[in-house]
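>>> my questions concern the predicted model and sequence given below.
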Amino acid sequence: MNQEERKLRSLIRKGIHIILERKNQQKNEEQRLRNVIHHLIREVKGTTKVADRVVHKNSGINELDTLLRDIINQIESAYKNLSSNDLQRKSFRYHFLVNFKNILAPINANRYAPDQQVSLAEQEDRAEVEVSIDDELEDDDINAPADPNKFIPLRPQDEEKAKEEVEKEEFVKVATENPDIQQGAAFAEKAFHKVESQIQTTYEDLIAPKDAAAFEDWGLTNLKLYFDMFEDEMSEDIGQEPTSPDYPPADQAQLEEVYEIN
């Protein structure tokens, strides 16, 4: 290899180095710009966490609106702390939604319990019908054991006992040996207990069936939508891998093969 060839190779090597350096600078500038944009987006989200209040045409949805403004940030914080893998977050989502429905069920049972009082007219009609003891013994409704879930506490001691039973109810969890599912469930349980009483109190105040039904339906739907948004935001925060000057990109390796640069 003569001196002119060496000079030519040296110039080519320098030229490649300059081109790659400019590309890296451009990538770094683009990454810095992305980081600034993401930072501005996060700042905007932080200052306008919830949209301006909209009054809906249903009292249950209005109450849900108020409730979510109070609790959604707590749920978001607990959910986003599960950053190891998406299975933990899927477990959190599932357990939170299941237990949201479960705590409404006892309230529904009491709200929609049939009236136990019988009118005087009905009592008189029944008095005219002759029923023998033998007929009662053959009646499945009479002989079947009573369903304790339908019990309505009326006496003070019964109400106190029912309250204690509700307080003892456990957070429903999937039986599994998978540690990621267990961890997601544990985080969901902790977050759920922080907002459980607020959910129950709000729902108990909705006496009108249509308002209660709207609260339950829209509540479940909005929690799902927020979990979707939390997951999307976590994906955005990951960003791109930063470049390193000591690590040659793929196009440099290809150029070195073409020009036989050592």
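Nice, I can see it.
>>> tell me which residues touch the spatially closest residue to residue 181 that is not a sequence neighbour, please.
Spatial nearest neighbour of residue 181, excluding adjacent residues (CB to CB, 6 or more residues apart in numbering): residue 91 at 4.4 Å. Any C-beta I mention is one placed from the backbone N, CA and C, and that applies to glycine too. Contact analysis of residue 91 by CB atoms under 8 Å, 6 or more residues apart in numbering lists 174, 180, 181, 182, 183, 184, 185, 188.
>>> with residue 223 instead?
Applying CB under 8 Å, 6+ apart, the residues near residue 223 are 75, 96, 97, 100.
>>> repeat the analysis, applying 7 Å as the threshold.
With contact set as CB atoms under 7 Å, 6 or more residues apart in numbering, residue 223 has these partners: 97, 100.
>>> next one: it from residue 212, what distance?
As judged by CB to CB, to the nearest Å, residue 223 and residue 212 stand 17 Å apart.
>>> quick one on the thing from earlier: ok, the residue nearest to residue 181 to residue 71 distance?
20 Å.
>>> nearest spatial neighbour of residue 222, chain-adjacent residues omitted?
Nearest one to residue 222, counting by CB to CB, 6+ apart, is residue 68 at 6.3 Å.
>>> I meant residue 196, not that one.
Excluding the flanking residues, the one nearest residue 196 by CB to CB, 6+ apart is residue 103, at 6.3 Å.
>>> show me what counts as buried in the helix or strand harbouring that neighbour.
Taking DSSP states H and E as the criterion, residue 103 maps to helix 86-111. Within helix 86-111, the residues that qualify as buried are 88-100, 103-104, 107, counting by 16 or more other CB atoms under 10 Å.
>>> wait, doesn't residue 202 sit right on residue 67?
Yes: Residue 202 lies in contact with residue 67 (CB atoms under 7 Å); the separation is 4.9 Å.
>>> before we move on, the earlier item: pick the one among the contacts of residue 91 closest to residue 25.
residue 180 (40.9 Å; CB to CB).
>>> give me the neighbour count for residue 192.
22 (other CB atoms under 10 Å).
>>> residues in contact with it?
96, 99, 171.
>>> please repeat the previous calculation with a cut-off of 6 Å.
Contact analysis of residue 192 by CB atoms under 6 Å, 6 or more residues apart in numbering lists 96, 99.
>>> can you tell me the element it falls in?
helix 179-204.
>>> in that helix, what's buried?
When burial is assessed from 16+ other CB under 10 Å, helix 179-204 yields the following buried residues: 180-181, 183-189, 191-192, 195-196, 199, 202-203.
>>> again, but for stretch 208-225
The neighbour-count criterion (16+ other CB under 10 Å) identifies 211, 212, 214, 215, 216, 218, 219, 222, 223 as the buried residues of stretch 208-225.
>>> secondary structure and pLDDT added to the residues you listed, as TSV?
TSV is the format used below for the buried residues of stretch 208-225 (DSSP: H, G, I helix; E, B strand; the rest coil; pLDDT from 0 to 100):
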residue	secondary structure	pLDDT
211	helix	94
212	helix	93
214	helix	94
215	helix	95
216	helix	93
218	helix	93
219	helix	94
222	helix	94
223	helix	94
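>>> of those residues, closest to residue 63?
Lowest distance from residue 63 to the buried residues of stretch 208-225 (CB to CB) belongs to residue 215, with 6.2 Å.
>>> tell me the spacing between that closest one and residue 4.
Distance of residue 215 to residue 4, given as CB to CB: 84 Å.
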